[in-house]
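> After the sequence you'll find the predicted model.
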Amino acid sequence: MIERIENDNGTSLVLTPNRSLSWQGNLILWCAFTVLVLVIATGMALAGAWVVLPFAGLELLGLLAGLYYTSRQCHQQEVLHITPETVRLEKGLYQKECEWEMPRQWVRLYLTMPIRGWKPPRLQLVHRDTEVTLASFLNPEDAKALVALLESRGIQIERQRPNQIVWF
(Lines give C-alpha, C1' and ligand atoms only; values in the text may rest on other atoms or scores of the structure.)
Protein backbone atom coordinates (compact mmCIF):
# COMPACT_ATOMS: atom_id res chain seq x y z
CA MET A 1 0.00 0.00 0.00
CA ILE A 2 1.33 3.44 -0.90
CA GLU A 3 0.38 6.58 0.99
CA ARG A 4 1.64 9.87 -0.42
CA ILE A 5 2.17 12.86 1.89
CA GLU A 6 3.08 16.22 0.39
CA ASN A 7 5.36 18.39 2.58
CA ASP A 8 6.68 21.92 2.17
CA ASN A 9 10.09 20.63 1.13
CA GLY A 10 9.10 17.53 -0.88
CA THR A 11 7.13 14.31 -0.85
CA SER A 12 7.01 11.44 1.61
CA LEU A 13 5.83 8.00 0.57
CA VAL A 14 4.74 5.56 3.27
CA LEU A 15 5.00 1.99 1.97
CA THR A 16 3.34 -0.85 3.87
CA PRO A 17 2.22 -4.39 3.03
CA ASN A 18 -1.47 -4.99 2.47
CA ARG A 19 -3.12 -6.14 5.70
CA SER A 20 -6.30 -8.09 5.18
CA LEU A 21 -6.94 -8.69 8.91
CA SER A 22 -6.06 -6.88 12.09
CA TRP A 23 -4.59 -8.75 15.06
CA GLN A 24 -8.07 -8.88 16.60
CA GLY A 25 -9.41 -10.42 13.38
CA ASN A 26 -6.63 -13.01 13.47
CA LEU A 27 -7.53 -13.88 17.06
CA ILE A 28 -11.20 -14.30 16.13
CA LEU A 29 -10.16 -16.60 13.27
CA TRP A 30 -7.91 -18.59 15.64
CA CYS A 31 -10.73 -18.91 18.21
CA ALA A 32 -13.08 -20.23 15.50
CA PHE A 33 -10.49 -22.85 14.48
CA THR A 34 -9.91 -23.67 18.14
CA VAL A 35 -13.59 -24.42 18.71
CA LEU A 36 -13.77 -26.56 15.57
CA VAL A 37 -10.59 -28.52 16.34
CA LEU A 38 -11.52 -29.06 19.99
CA VAL A 39 -14.99 -30.33 19.07
CA ILE A 40 -13.50 -32.83 16.64
CA ALA A 41 -10.65 -33.80 18.99
CA THR A 42 -13.02 -34.26 21.94
CA GLY A 43 -15.27 -36.47 19.86
CA MET A 44 -12.32 -38.60 18.82
CA ALA A 45 -11.04 -38.75 22.42
CA LEU A 46 -14.45 -39.93 23.61
CA ALA A 47 -14.35 -42.60 20.90
CA GLY A 48 -11.08 -43.87 22.36
CA ALA A 49 -8.48 -42.02 20.28
CA TRP A 50 -7.19 -39.86 23.14
CA VAL A 51 -3.81 -39.44 21.41
CA VAL A 52 -5.47 -36.89 19.13
CA LEU A 53 -5.73 -34.29 21.94
CA PRO A 54 -2.02 -33.40 22.28
CA PHE A 55 -1.65 -33.18 18.50
CA ALA A 56 -4.70 -30.94 18.27
CA GLY A 57 -3.11 -28.66 20.87
CA LEU A 58 0.16 -28.59 18.94
CA GLU A 59 -1.75 -27.82 15.75
CA LEU A 60 -3.52 -24.88 17.40
CA LEU A 61 -0.25 -23.62 18.88
CA GLY A 62 1.42 -23.80 15.45
CA LEU A 63 -1.47 -21.96 13.85
CA LEU A 64 -1.29 -19.22 16.49
CA ALA A 65 2.48 -18.86 15.97
CA GLY A 66 2.00 -18.58 12.20
CA LEU A 67 -0.75 -15.99 12.55
CA TYR A 68 1.37 -13.96 14.98
CA TYR A 69 4.45 -14.04 12.73
CA THR A 70 2.45 -13.05 9.64
CA SER A 71 0.63 -10.26 11.47
CA ARG A 72 3.92 -8.95 12.84
CA GLN A 73 5.60 -8.96 9.41
CA CYS A 74 2.65 -7.05 7.95
CA HIS A 75 3.54 -4.12 10.21
CA GLN A 76 6.86 -3.42 8.53
CA GLN A 77 7.02 0.00 7.00
CA GLU A 78 9.26 1.95 4.67
CA VAL A 79 9.14 5.74 4.40
CA LEU A 80 10.72 7.35 1.37
CA HIS A 81 11.35 11.10 1.72
CA ILE A 82 12.05 12.87 -1.58
CA THR A 83 13.31 16.44 -1.33
CA PRO A 84 14.93 18.57 -4.04
CA GLU A 85 18.39 17.67 -2.67
CA THR A 86 18.11 14.18 -1.13
CA VAL A 87 16.29 10.88 -1.15
CA ARG A 88 16.03 9.31 2.31
CA LEU A 89 14.71 5.81 2.97
CA GLU A 90 13.72 4.69 6.47
CA LYS A 91 12.84 1.06 7.23
CA GLY A 92 11.50 -0.56 10.33
CA LEU A 93 9.03 -2.75 12.11
CA TYR A 94 6.84 -0.59 14.39
CA GLN A 95 9.66 2.00 14.54
CA LYS A 96 12.57 3.25 12.44
CA GLU A 97 15.40 0.69 12.55
CA CYS A 98 17.65 1.82 9.71
CA GLU A 99 18.03 4.79 7.40
CA TRP A 100 19.83 5.63 4.14
CA GLU A 101 20.27 9.08 2.66
CA MET A 102 21.41 9.64 -0.92
CA PRO A 103 21.78 12.72 -3.12
CA ARG A 104 18.76 12.96 -5.38
CA GLN A 105 20.76 13.95 -8.44
CA TRP A 106 22.79 10.72 -8.39
CA VAL A 107 20.34 8.16 -7.04
CA ARG A 108 18.91 5.57 -9.44
CA LEU A 109 16.10 3.07 -9.14
CA TYR A 110 17.03 -0.31 -10.59
CA LEU A 111 13.89 -2.05 -11.76
CA THR A 112 14.38 -5.76 -12.46
CA MET A 113 11.34 -7.21 -14.18
CA PRO A 114 10.24 -10.69 -13.08
CA ILE A 115 10.30 -13.68 -15.39
CA ARG A 116 6.75 -14.57 -14.42
CA GLY A 117 4.04 -11.94 -14.63
CA TRP A 118 2.43 -12.55 -11.25
CA LYS A 119 5.55 -11.64 -9.28
CA PRO A 120 6.33 -8.03 -8.44
CA PRO A 121 9.40 -6.38 -9.95
CA ARG A 122 12.50 -6.05 -7.80
CA LEU A 123 13.22 -2.45 -6.86
CA GLN A 124 16.58 -1.17 -5.61
CA LEU A 125 17.70 2.36 -4.79
CA VAL A 126 21.31 2.69 -5.89
CA HIS A 127 23.98 5.32 -5.30
CA ARG A 128 27.63 4.40 -5.85
CA ASP A 129 28.28 1.28 -3.76
CA THR A 130 25.03 1.53 -1.77
CA GLU A 131 22.18 -0.70 -2.94
CA VAL A 132 19.00 -0.82 -0.88
CA THR A 133 16.02 -3.03 -1.71
CA LEU A 134 12.86 -0.98 -1.81
CA ALA A 135 9.36 -2.22 -0.92
CA SER A 136 9.85 -5.94 -1.54
CA PHE A 137 6.44 -6.57 0.05
CA LEU A 138 4.38 -4.62 -2.52
CA ASN A 139 2.11 -6.46 -4.94
CA PRO A 140 2.74 -5.99 -8.70
CA GLU A 141 0.12 -3.25 -9.13
CA ASP A 142 1.44 -1.21 -6.20
CA ALA A 143 5.03 -1.68 -7.39
CA LYS A 144 4.11 -0.32 -10.84
CA ALA A 145 2.35 2.63 -9.21
CA LEU A 146 5.44 3.30 -7.06
CA VAL A 147 7.72 3.23 -10.12
CA ALA A 148 5.44 5.65 -11.98
CA LEU A 149 5.30 7.94 -8.94
CA LEU A 150 9.09 7.95 -8.52
CA GLU A 151 9.57 8.58 -12.23
CA SER A 152 7.18 11.55 -12.06
CA ARG A 153 9.27 12.93 -9.17
CA GLY A 154 12.42 12.89 -11.33
CA ILE A 155 14.12 9.72 -10.06
CA GLN A 156 16.07 8.01 -12.85
CA ILE A 157 14.77 4.48 -13.58
CA GLU A 158 17.04 1.81 -15.03
CA ARG A 159 15.03 -1.15 -16.28
CA GLN A 160 16.72 -4.55 -16.34
CA ARG A 161 15.64 -7.99 -17.48
CA PRO A 162 16.67 -11.11 -15.55
CA ASN A 163 18.34 -14.09 -17.17
CA GLN A 164 15.73 -16.09 -19.07
CA ILE A 165 17.09 -19.53 -18.09
CA VAL A 166 14.22 -21.20 -16.25
CA TRP A 167 13.85 -24.96 -16.01
CA PHE A 168 10.52 -25.15 -14.25
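Thanks, I have the structure now.
> Identify, by residue count, the longest helix of this structure.
helix 23-46 (DSSP state H).
> and it, what does it pack onto?
Under the contact criterion of 3 or more CB pairs under 8 Å, 6 or more residues apart in numbering; DSSP states H and E, helix 23-46 touches helix 52-73. All C-beta atoms are positioned from the backbone trio N, CA, C, and that covers glycine.
> Show me the contact partners of the next helix or strand after the helix it packs on.
Remark: after helix 52-73, the chain's next helix or strand is strand 76-82, criterion DSSP states H and E. With CB atoms under 8 Å, 6 or more residues apart in numbering as the test, strand 76-82 has contacts from 10-17, 87-93, 96, 104, 134-135, 137, 150, 153, 155.
> In the helix or strand just after strand 76-82, which residues are buried?
The C-terminal neighbour of strand 76-82 among helices and strands, as given by DSSP H and E, is strand 86-93. Within strand 86-93, the residues that count as buried by 16 or more other CB atoms under 10 Å are 87-91.
> again, but for stretch 103-112
Under the neighbour-count criterion of 16+ other CB under 10 Å, stretch 103-112 has 104, 107, 109-111 buried.
> repeat for stretch 11-20
11-13, 15-17.
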